[in-house]
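Peer 1: Have a look at this prediction, sequence included:
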Amino acid sequence: MAKATYHVCTLPGDGIGPEIMAEGKKVLAAVGEKANVDFVCEDHLIGGAAIDACGSPLPDETLNAAKASDAVLLASVGGPKWDSTDPNAPRPEQGLLGIRKGLGLYTNLRPVKIYDALAGASTLRPEVIKGVDLVIVRELTGGLYFGRRERFYDEEGAGANGGRGQRAYDTMEYREYEVERIARKAFEAARKRRNKVTSVDKRNVLETSRMWREVVHRVHDEEFPEVELEDLLVDNTAMQLINRPADFDVIVTENMFGDILSDEAAQITGSLGMLASASLGDGVSLFEPSAGSAPDIAGKGIANPLAQILSAGMMLTYAFDMTEEAGWVESAVERVLDDGWRTRDIADDATPTDHVLGTAAMGDKVVEYL
Ligand SMILES: NC(=O)c1ccc[n+]([C@@H]2O[C@H](COP(=O)([O-])OP(=O)(O)OC[C@H]3O[C@@H](n4cnc5c(N)ncnc54)[C@H](O)[C@@H]3O)[C@@H](O)[C@H]2O)c1
Ligand SMILES: CC(C)[C@H](C(=O)O)[C@@H](O)C(=O)O
Ligand SMILES: [Mg+2]
C-alpha cells in the first residue's frame, strides 16, 4: 500500500515554543515510522518571532501555508520582549488570534484528565481529584477577544476624578448561530462521553449570557434531549471546579470564561504543561498546548513537552482519523508517568533526582515507550 503523506504546518513561535515543538515533532516522526505514514513538517513564523522577522505577528505566508496544510501544530507565542506601551505596536498574541479567526476555528477542546501517577502533583487533595476526566469546550472566535474595542482620549473626562482622560472599551458580542454551533459541539462531545453538559455563563449580569443560556437550552431541547444539561454561573464554576472537579463531564462556555477556567482546570492535573488542546472549525484544524511561552523558564531546557506531545496526539485523532495511533501516544505518556519520569513542574518531593528530566529527555522517553 502506498505510504500516506500528511503535511503539517508547524509554528514553534516564542519562548519555550521551539523547545517543546521539537519534542512534538520527534514523537510525530516516531508514530509515522511505526504506522508507515509520512508527516512532513514545515516550520513557519508566528508571534514575536514573526514580528522580528517581518514586522507582522501573522505574515500572509504563514496563514496561506496553514490553509494549504493538512493540519497545524502550534507551540506558543508571546513574551516580555514584545510588551510595548504603544497601543499600535504589533503584539505576538494577535498572530494567534488571527490564525484562529483566519482558519475559522470556533471550537477549542481542552481535555483535563488526571493521571493517577500525578495525583501528588495536583494542588488538590487526592480524594477530590480522583476520577477527574472533563473537557472544556471553549468558543474560540467570538466574544470579548474579537469585539469592537477602542482606547481614546476623552477631554470631558480629563482632570475629573484625578484621571488624565484616557478611556478604553472592549465589547462582548455573540451572534445566535455562534452559540448554536458551539452548543452542538458540546452536546455531540457529551454523547461520546458521560452524557452531561455544564453550560457556563454570567446570566445574572450579561446580555450575551442571557442569550447564551436560551440558545443552549433550545439546541438541547430540540436536538439532544437525552443529554443531561446543567447551568452554572462562571464565578460559581471557578469554585466548583476545585470543589467537585470529578462531577464535570463537558463544560461549554464563551471564549474568555473558557480561557480562564482552563488554566484553573490545568492546575488540577498538576501543571499547565500537561494541558493539550484542539482548535477545530470546518476546514484545517490547529493543535496547541493551552499554556503560553513561559518566559520564566524559556531557554533552560526544562519545560514540560507533554502538552505539546498530547496536542500532536489530538491531531492524529481529529485531523487524520488515526485514533489507534493517538492511543499509542496517550498510553506512552501514561506509562512514562507511571514509571516515575517527570519534568520539573510535575515532580514532587518523592521524585528521585535522576527521574527529573529536561525537555528533550522527556521527549526521548516518550519515543522510547512508543
Ligand atoms: N497559546 C499561546 O501561545 C499562549 C497561551 C497562553 C499565554 N501565552 C502568552 O505567553 C506569555 C507568557 O504568559 P504567562 O506567563 O502568563 O503564561 P504561561 O502559560 O506562559 O506560563 C504560566 C506559568 O506556567 C508555567 N508553564 C507554562 N507552560 C509550561 C510548561 N510547558 N512546562 C512547565 N511550566 C510551564 C510557566 O513557567 C509559568 O510559571 C504571554 O505573552 C502570553 O500572552 C500564549
Ligand atoms: C495568548 C492568548 C491570546 C491565549 C488566549 O487567551 O486564548 C491563551 O491564553 C490561550 O489560552 O490559548
Ligand atoms: Mg489561556
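Peer 2: Arrived safely. Ligands and ions are numbered 1, 2, ... in the order given.

Peer 1: Run a quick neighbour tally on the residue of the stretch 101-250 of the chain found nearest ligand 2.
Peer 2: Using CB to the nearest ligand atom, the point where the stretch 101-250 of the chain gets nearest to ligand 2 is Tyr145, with a distance of 6.8 Å. Where C-beta positions appear, they are placed from N, C-alpha and C, glycine not excepted. A count of neighbours around Tyr145, defined by other CB atoms under 10 Å, yields 19.

Peer 1: can you check the one 4 residues further on too?
Peer 2: Residues contacting Arg149 under the criterion other CB under 10 Å number 11.

Peer 1: looking at it, it is touching Ala168, isn't it?
Peer 2: Yes: using CB atoms under 8 Å, Arg149 makes contact with Ala168 at a distance of 7.4 Å.

Peer 1: Do a quick rundown of the helices in the stretch 51-200 of the chain.
Peer 2: With DSSP state H, counting those that start in this stretch as the criterion, the stretch 51-200 of the chain has helices at 60-68, 92-102, 126-129, 176-191.

Peer 1: elements contacting the first one?
Peer 2: The criterion is 3 or more CB pairs under 8 Å, 6 or more residues apart in numbering; DSSP states H and E, and the helices and strands that helix 60-68 contacts are strand 4-13, helix 92-102.

Peer 1: Of all those, which one is nearest Leu109?
Peer 2: Among the helices and strands packed on helix 60-68, helix 92-102 comes nearest to Leu109, with 13.3 Å by CB to CB.

Peer 1: List the contacts of that closest one.
Peer 2: 11, 13-14, 46-48, 50-51, 56-58, 62-63, 66-67, 72, 74, 77-79, 82, 105, 140-141, 145-146, 279, 286 (CB atoms under 8 Å, 6 or more residues apart in numbering).

Peer 1: Likewise for stretch 121-130?
Peer 2: 114, 119-120, 242-246, 267-271, 345-348.

Peer 1: How about stretch 299-306?
Peer 2: Counting by CB under 8 Å, 6+ apart, 16, 19-20, 22-24, 271, 273-274, 294, 297, 333, 343-346, 358-360, 362-363, 366 sit against stretch 299-306.

Peer 1: ok, how many other residues are close to the closest residue to ligand 1 within the stretch 1-150 of the chain?
Peer 2: Nearest residue of the stretch 1-150 of the chain to ligand 1, counting by CB to the nearest ligand atom: Gly78, 2.3 Å away. Gly78 is flanked by 23 other residues according to other CB under 10 Å.

Peer 1: roughly how far apart are it and Pro92?
Peer 2: 4 Å (CB to CB, to the nearest Å).

Peer 1: Show me the common contact partners of these two, please.
Peer 2: By CB under 8 Å, 6+ apart, Gly78 and Pro92 have these common neighbours: 13-14, 47-48.

Peer 1: Compare those residues and tell me which has the most neighbours.
Peer 2: Result: Gly47 is most packed of those (other CB under 10 Å), 32 neighbours.

Peer 1: Can you tell me the closest non-neighbouring residue to that residue?
Peer 2: Counting by CB to CB, 6 or more residues apart in numbering, Val77 is the residue found nearest to Gly47 once chain neighbours are left out, at 2.8 Å.

Peer 1: go on, Asp247?
Peer 2: Per CB to CB, 6+ apart, closest to Asp247 is Gln240, 7.5 Å.

Peer 1: measure that neighbour to ligand 1 for me?
Peer 2: 23 Å (CB to the nearest ligand atom, to the nearest Å).

Peer 1: show me the contacts for that residue.
Peer 2: Counted by CB under 8 Å, 6+ apart, Gln240 has contacts 232, 247-248.

Peer 1: Over to Cys41. Which of the three states is it?
Peer 2: Taken by DSSP: H, G, I helix; E, B strand; the rest coil, the conformation at Cys41 corresponds to strand.
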